[in-house]
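K.L.:
I would like the atomic coordinates for the input below:
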Amino acid sequence: MCLILYSTTSVAFAALTPDHLRRAWDGNPDGFGMAYRVKKKDRVHVEKGLMSLAKAEKAIDALRLLNPVEVALHFRFATHGSAKPRLTHPFETDHGAFIHNGVLSLSSMDLDPAGSDTSTLARMLRGVRPADARVLSEPYRNGSRLLYLAHKPSQTWRKGDWHKTIVPGLVMSQAYSLPELKAYKEPTIGWSKTPYAPWPQDTLPVDSASLMARYRANRVVPLPPMDELTPDDGGFGL
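P.N.:
All right, here's what the predicted structure looks like:
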């Protein structure tokens, strides 16, 4: 099922101990990757394909020295696709990095046989701007937790039932790997107030261009400008 640990302050990231990371790996041992921003206005950097705990620990220790202000750590448990370095998260897009925990609603015909559910959706969203990617991903989400770290910090978003922790500025995508960190379960963060026409699963297009065309044809109301977003709308903020 995977585990995402997402911190939005350097203090929150520093609070993750070697024991936390070791147990996160033990429950999700099919590869590790991370996306991070060192300073508030920096672009997002991605490091992935780390297939052992020792390599993951080394990468995290090196990152601690940079004192990053925003970090997403992904520990993979392979449900779709094999345990290969290229299928670890995050997946880079033209506008940032895409991370997922759960099982996406993709038909067997849509899935890339050499990939995973997440790599398939990431490929579909590669050239899509973050605000549209937030809406376009919803028909596939199937209760999953999604995180999109955008190069422009104001365009970062997350969706799904995330868990707040006892560490301010730190949330996690599931609580059973590290139950002692859980504070309480957050309400669902989504875009239920943004209407779009229903799309039957067997007619959902696969490539980004046709997905965008279908979305624009069916969209009922325009998305609000990014500066009007609030955390309740699924915008950035904890």
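K.L.:
My reading is that residue 60 is in a strand; is that accurate?
P.N.:
No - according to DSSP: H, G, I helix; E, B strand; the rest coil, residue 60 belongs to no strand; its state is helix.
K.L.:
Ignoring the adjacent residues along the chain, who's closest to it?
P.N.:
Among residues not flanking residue 60 along the chain, residue 21 sits closest, at 6.3 Å (CB to CB, 6 or more residues apart in numbering). C-beta coordinates here come from the backbone N, C-alpha and C atoms, glycine included.
K.L.:
where do the helices sit along the chain?
P.N.:
10-14, 18-27, 53-64, 117-124, 130-136, 138-141, 208-218 (DSSP state H).
K.L.:
show me what contacts the residue nearest to residue 60?
P.N.:
56, 57, 60, 73 (CB atoms under 8 Å, 6 or more residues apart in numbering).
K.L.:
of those residues, closest to residue 102?
P.N.:
Closest approach between the contacts of residue 21 and residue 102, by CB to CB: residue 73, at 16.5 Å.
K.L.:
Run through the bridge partners of that closest one.
P.N.:
For residue 73, the beta-bridge partners are residue 5, residue 34 (DSSP bridges).
K.L.:
didn't it look like it was pressed against residue 20?
P.N.:
No - counting by CB atoms under 8 Å, residue 20 is not a contact partner of residue 73; they are 9.8 Å apart.
K.L.:
How many residues are close by the closest residue to residue 43 other than its chain neighbours?
P.N.:
Spatial nearest neighbour of residue 43, chain neighbours left out: residue 151 (4.5 Å); criterion: CB to CB, 6+ apart. Here the count is done by other CB atoms under 10 Å, and residue 151 has 17 residues near it.
K.L.:
Please apply the same query to residue 124.
P.N.:
Residue 124: 24 neighbours (other CB under 10 Å).
K.L.:
Just the pLDDT at residue 132, thanks.
P.N.:
Note on residue 132: pLDDT of 94.
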